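Trainee: With the input below, show me the fold.
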Amino acid sequence: MKINPRDFMDSKALSNFNKPLKPATIKKLTAGKKILVPVGSALKTKNNHKILEVCSVVLKDLEKNGEEGCLFVDIFYLNEKSLWRIANWAIAMRVIDSFDPENEEDIKNLMLNGPFIGVLESNEYNGNTYLKLRYHNSCYCERDQDGDPVYTKDELVLINKGEKDWGSWLKNRKDNPDKYGQYIKNALPVSNDIGDAGDELPF
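Mentor: Okay, here's the model as predicted:
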C-alpha cells in the first residue's frame, strides 16, 4: 500500500509547502541592560582557582532586542581579591546579611531572592569575543506578603525553561573538564591565572 501525502493537502497547504524554508532564528545574547533572574549555580575549580558559577535567564531585555529566555553564566572567583564582585551581586539581589558562597543552601536562598539588572559588555581576548557582566544593579520586583518575588505566568515559563537549559549546559560542562574545569559540588537549581575577577574570561 502506498500513501500520497498530496491527497491530504489542500491548495493552500501545497502552496506553502512549495515555498522555500527560512532558517530558524536562534536567540543570541548581546551586550546591554537586561533584567535577569538566577536559575542555577555550581562550584568548580579551574587553574587552581575556586569558582562559583551562577546561571541567570533574561526575563526582560531592556534594549528591546527580544533576548528574553537567553542564559548567561556569571563567574565569581572565590578569593580575597575578588569577593567585592559577589558582594555587589548579593547587594543587587537585596541581600546584605553575611553568607557563605561555598554553602549550597546559602547560595540557593540568595538566588531565590529575586531578579536584578545586569549590564553586559562585549570583550575580546585572543581573537575571541565574549560577554562580561560588568554591573549588577537592583531592580523593582513585586513581592508577596512574605517578601518573595511574584512572577507573571510568562516569566515563570522563562524561569522553568532556564532551569532545564542550565541542567543541559552543566552536563556539557562537566563532560568537558579540560575546557570548563572540575566541578566539585552538585548543581544548584532554583534552580589562565586570572587574578582579579574584573578581568575573568569564560574559556
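
Trainee: CA only for contacts and neighbour counts going forward, please
Mentor: OK.

Trainee: biggest strand in the chain, by residue count?
Mentor: strand 32-46 (DSSP state E).

Trainee: can you give me the strands in the protein?
Mentor: Taking DSSP E as the test, the strands found in the chain are 32-46, 49-61, 71-77, 116-125, 128-137, 182-183, 188-189.

Trainee: give the contact list for residue 166.
Mentor: Residues near residue 166 by Cα atoms under 8 Å, 6 or more residues apart in numbering: 39-40, 55, 71.

Trainee: just checking, what packs against the longest strand of the chain?
Mentor: Secondary-structure packing of strand 32-46 (3 or more Cα pairs under 8 Å, 6 or more residues apart in numbering; DSSP states H and E): strand 49-61, helix 104-111, strand 116-125, helix 153-174, strand 182-183, strand 188-189.

Trainee: Using CSV, lay out the strands of the chain together with mean neighbour count and distance to residue 171.
Mentor: Output for the strands of the chain, formatted as CSV (neighbours: other Cα atoms under 10 Å; distance: least, Cα to Cα, whole Å):
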stretch, mean neighbour count, distance to residue 171
strand 32-46, 23, 11
strand 49-61, 23, 13
strand 71-77, 22, 14
strand 116-125, 18, 25
strand 128-137, 17, 21
strand 182-183, 20, 10
strand 188-189, 21, 13
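
Trainee: Of all those, which one is nearest residue 148?
Mentor: Of all the strands of the chain, it is strand 32-46 that lies closest to residue 148, at 13.0 Å by Cα to Cα.

Trainee: relative to strand 49-61, how tilted is that closest one?
Mentor: 160 degrees (axes from the mean of the first three to the mean of the last three Cα atoms, to 10 degrees).
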